[in-house]
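In: sharing a model that was predicted from the sequence below.
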Amino acid sequence: MLSSSPDQLASLREQLLALRQHALDVERFGEDEIALAHPSRRSAARNLVDYLALRQRDISGLQRDLQQHGFSSLGVIQGHVMASIDAVLGVLDILSEQKRTSLNPDLYPTIDSALTALRTFADETFGPSPVDGTVRVMVTMPSEAAADPAIVDHLLGQGMSVMRVNCAHDGPDAWSAMVEHLRRAERKHGRVCRISFDLAGPKLRTGPVAPGPEVLRFKPVRDSLGRPTALATIPFGPAADSEEDDVTLVPLSVQLHQRAQPGDVLRLDDARGRSRELVVDNVGRHSLLCTTDRTVYLTSGTPVELWRGDARLESGVIGKLPAIESSIPLEAGDTLIVTRELSPGRAAVVDDDDNVVEPARIGCSLPLVFQAIRPDHRVLLDDGKFEGTVRETTPDWFSVEICRAGRGRASLKAEKGINLPDTLLDLPALTDKDLEDLRFVAPHADMVALSFVHEAADIDRLYAVLDQLEAPDLGVILKIENRAAFERLPELLMTAAKRRRIAVMVARGDLGVEIGFERLAEVQEEILWLTEAAQVPVIWATQVLESLAKDGLPSRAEVTDAAMSTRSECVMLNKGPHIGDAIRFLTDVSRRMGRHASKTFATHRRLNVAATEWLEVDRSPAPPRGVAHV
């Protein structure tokens with residue numbers, strides 16, 4: 001710095017002053033938006049506007065020049081834009097013996113206060129971190145948590161900070177039980193855990209698929225020579241009629257069940273027409289256990305005879321069995337017809353030479369799609385497993401040419417997500433179901449997550465509903481899971497700032513599908529910058545340590561992802577048999593990463609998302625507000 005010439009210092013000062021003035025010009029244009037923010041969030045809202053103004057320009061060259069002359073490179077400026085610029089200008093003023101207008105310090109966050117404010121907002125929204133320096137952990141509740149309080153007790157004991165309930169599953173009775181189990185666990189462990197409810201929202205899904213056959217297979221265990229090492233065990237249960245449907249017991253005629261004794265034999269011809277003898281091993285009041293050393297396929301209505309020695313004692317039938325979940329096989333080049341009608345979908349119909357007579361078809365859960373979709377729009381199914389392009393549209397159906405199906409060929413099932421990244425859907429984020437669910441959520445939750453938000457009006461509507469339900473202080477989470485939400489994130493953050501307790505969830509699953517996984521790393525980084533500028537805490541979500549939670553062992557990529565996630569204020573984990581291990585692993589990683597407090601240097605090229613319509617600079621000569629002359 002001492003070797004810098006006066007001309008070089010003057011040039012740096014001039015560039016910084018121009019950058020600051022540009023931010024003040026943008027501020028002036030955004031004053032009405034800033035004034036709508038909650039009083040505790042106005043300085044953060046102003047800082048967000050300043051950050052967007054800065055990111056409307058490419059200042060990477062200025063950053064390198066500042067660094068080469070020994071000044072701050074402004075690489076970590078998100079939370080305190082004006083304070084960072086003025087800190088460098090203060091040194092340049094002294095070296096250049098220059099004076100300038102100073103800013104009103106009450107309007108802007110300082111370098112120290114920005115971090116303190118973000119921590120305070122995170123504590124108020126998610127609750128304080130259970131261990132100093134560690135990230136909070138949000139855990140999604142499985143349906144079983146409603147019936148088994150030990151599940152919730154175990155998760156809280158392992159370090160769960162926020163209990164997440166997905167309103168797309170179960171219902172008020174189950175949710176109420178989960179809440180009660182948590183309150184009981186809190187008293188036991190002496191800890192407080194926040195509760196977040198995710199509204200289901202208008203997620204596009206595939207319709208039903210024609211069910212497969214009603215058949216169950218039972219197979220003995222065999223060694224490498226094909227010899228049985230463990231018999232196949234078949235549990236039967238008494239069925240009053242053939243409509244009885246039990247997923248754990250094979251329904252069998254009551255009369256036959258009542259007369260059976262150990263040592264008896266059930267004789268039948270299975271679904272393949274092969275004769276089978278099943279030996280009765282045990283008879284209970286509610287079950288009848290049989291064994292066999294042969295593979296057997298049982299179907300609904302199969303005739304069964306009960307034999308004792310050479311005497312036939314009784315005849316009956318197997319009751320109604322659950323149908324096998326069916327699917328539609330697809331590969332690149334296939335055509336899929338997506339229909340407004342939700343009749344069961346089916347695979348393609350082919351002739352004897354495997355020529356397609358009728359293409360595969362499946363329904364779509366939202367009729368609005370058929371008004372908006374156009375030829376050449378992209379369609380992604382089942383979290384991006386299938387990708388295709390629309391070739392033809394009608395009011396009642398559209399055809400999709402599949403260009404990718406898994407790793408070559410895959411099967412599409414019912415209730416799988418549909419993403420339309422090129423199709424603009426004028427669809428409110430709050431559905432009728434969401435409005436009904438909010439009646440339960442408002443008095444029971446600490447936070448509510450707004451799914452598929454894509455415009456400011458979605459947030460305003462939610463706030464209005466919460467006011468009607470007398471829940472103005474309920475925390476609100478914006479789930480950023482589609483292209484529109486990311487591209488409008490600055491506007492969404494300014495609108496959300498009307499409330500004090502707000503957060504953003506980076507829902508990387510749907511977001512990655514919509515924007516392309518090759519861009520996901522860049523986009524999630526930009527979301528972290530923007531939310532830090534707005535002092536909004538972040539939830540890092542989707543498939544964090546998923547292999548560890550499900551299988552007990554994380555992949556190398558998941559470990560790196562977990563380390564990245566600790567830059568957020570909260571991390572969401574999904575259910576799995578090893579979820580306790582995942583919580584402990586994440587807490588340990590968070591504690592270790594917290595020791596590395598310095599941020600990575602960032603060069604600020606022009607950020608497209610900063611080019612927001614409501615922030616176009618008004619070049620009129622009126623003086624900017626917030627500036628005092630000295």
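Out: Arrived safely.

In: for residue 475, the count of nearby residues, please.
Out: 22 (other CB atoms under 10 Å). Yep, even glycine has a C-beta here, placed from its N, CA and C like the rest.

In: look up phi and psi at it.
Out: phi -60, psi 150 (degrees, to the nearest 10).

In: residue contacts, it?
Out: With contacts defined as CB atoms under 8 Å, 6 or more residues apart in numbering, residue 475 is in contact with 124, 125, 196, 446, 447, 448, 501, 502, 503.

In: if we use 6 Å, what do you get?
Out: Contact analysis of residue 475 by CB atoms under 6 Å, 6 or more residues apart in numbering lists 125, 446, 447, 501.

In: residues of the host helix or strand of residue 84 that come out buried?
Out: If you go by DSSP states H and E, residue 84 is part of helix 81-96. Going by neighbour count (16 or more other CB atoms under 10 Å), the buried part of helix 81-96 is 81, 82, 83, 84, 85, 86, 88, 89, 91, 92, 95.

In: strand partners of the host helix or strand of residue 235, parallel vs antiparallel please.
Out: Here residue 235 sits within strand 232-239, counting by DSSP H and E. Strand 232-239 pairs in its sheet with strand 250-253 (parallel), strand 288-292 (antiparallel), by DSSP bridges.

In: out of the ones you listed, indicate the one that is most buried.
Out: Scoring those by mean neighbour count under mean count of other CB atoms under 10 Å gives strand 250-253 as the most buried, with a mean of 23.

In: packing partners of the following helix or strand past that strand?
Out: Downstream of strand 250-253, the first helix or strand assigned by DSSP H and E is helix 254-259. Where contact means 3 or more CB pairs under 6 Å, 6 or more residues apart in numbering; DSSP states H and E, helix 254-259 is packed against strand 311-317.

In: repeat that for 7 Å
Out: Secondary-structure packing of helix 254-259 (3 or more CB pairs under 7 Å, 6 or more residues apart in numbering; DSSP states H and E): strand 232-239, strand 303-308, strand 311-317.

In: need the contact partners of the last one.
Out: The set of residues external to strand 311-317 that reach it, using CB atoms under 7 Å, 6 or more residues apart in numbering, is 242, 252-253, 255-256, 259, 301-307.

In: between the residues you listed, identify the one with the most neighbours.
Out: residue 252 (28 neighbours).

In: now it: how far from residue 233?
Out: Separation of residue 252 from residue 233 (CB to CB, to the nearest Å): 15 Å.

In: what does residue 405 give?
Out: 37 Å.

In: then residue 119?
Out: Taken as CB to CB, the span from residue 119 to residue 233 is 57 Å.

In: residue 178 too?
Out: Taken as CB to CB, the span from residue 178 to residue 233 is 34 Å.

In: ok, those two, which is more surrounded?
Out: Taking neighbours as other CB under 10 Å, residue 178 and residue 233 compare with residue 178 leading, 23 against 14.

In: mind pulling up the pLDDT for the more buried one?
Out: In the predicted model, residue 178 carries a pLDDT score of 96.

In: swap in residue 602?
Out: With respect to pLDDT, residue 602 scores 51.

In: ok, and what's touching the helix holding residue 84?
Out: 9-10, 12-13, 16, 19-20, 23, 47, 50-51, 54, 66, 71-72, 74, 77, 99-100, 103, 108-111.

In: and the next helix or strand past that helix?
Out: strand 102-103.
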